[in-house]
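Q: With the input below, show me the fold.
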Amino acid sequence: QRLVAVCIKDNVQAEYVAGWVLQNELVLGRDNVVLINVRAAANSIIGDLTLSNSAKDDAERTRSHALLRKHADPIKQEGFPIKGVSIRGVDIRGELVRKLIELKCDLVVVGNGHTRSVRERLMGCKASYLLDYSPCPVLVV
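A: Sure, this is the predicted structure:
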């Protein structure tokens, strides 16, 4: 058994990544899946101190849970054990690595993103960070 983490955001690329993983990487009977959506803390301050507008944070959490359900349904219909994790944090990339360690993931799958620098355009900011700091292998789609 292995645990495959799939990082998703609310964009078209998330649909592609989730579909690609289902068609090309997952093996029924071997793989368990965890979808992870990391959302920025509403009205946050740098560090461990976080102030938030609870109505805005509630709306972000609701949106995140709906996104996870949307992408989990096709994977679940194929018979894979799956769960969704919505993480709220100031340091989104750091929170993601912390969750990968906590869950003891065997593989993390992430899209390549759309950012500014040439390296980030090729690999994505989150993907680039994960390549350096992930506790498990990273598959960039």
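Q: In this structure, where's the longest strand?
A: Longest strand in the chain by number of residues (criterion: DSSP state E): strand 31-40.
Q: Show me which residues of it are buried.
A: For strand 31-40, the neighbour count (16 or more other C-beta atoms under 10 Å) marks Asp31, Asn32, Val33, Val34, Leu35, Ile36, Asn37, Val38, Arg39 as buried. Heads up, the C-betas are built off the backbone N, CA and C, glycines and all.
Q: Nearest to Asp73, out of those: which one, please.
A: Comparing the buried residues of strand 31-40 against Asp73 with C-beta to C-beta places Leu35 closest, at 10.5 Å.
Q: Quick check: beta-bridge partners of that closest one?
A: With DSSP bridges as the criterion, Leu35 is bridged to Val6, Gly84.
Q: circling back: I'd like to know which elements the longest strand of the chain is packed against.
A: Packing partners of strand 31-40 (3 or more C-beta pairs under 8 Å, 6 or more residues apart in numbering; DSSP states H and E): strand 2-7, helix 54-77, strand 82-89, helix 92-103.
Q: Looking at those, which one is packed in the most?
A: strand 2-7 (a mean of 22; mean count of other C-beta atoms under 10 Å).
Q: What is the least confident helix or strand in the protein?
A: helix 118-123 (a mean of 45; mean pLDDT, DSSP states H and E).
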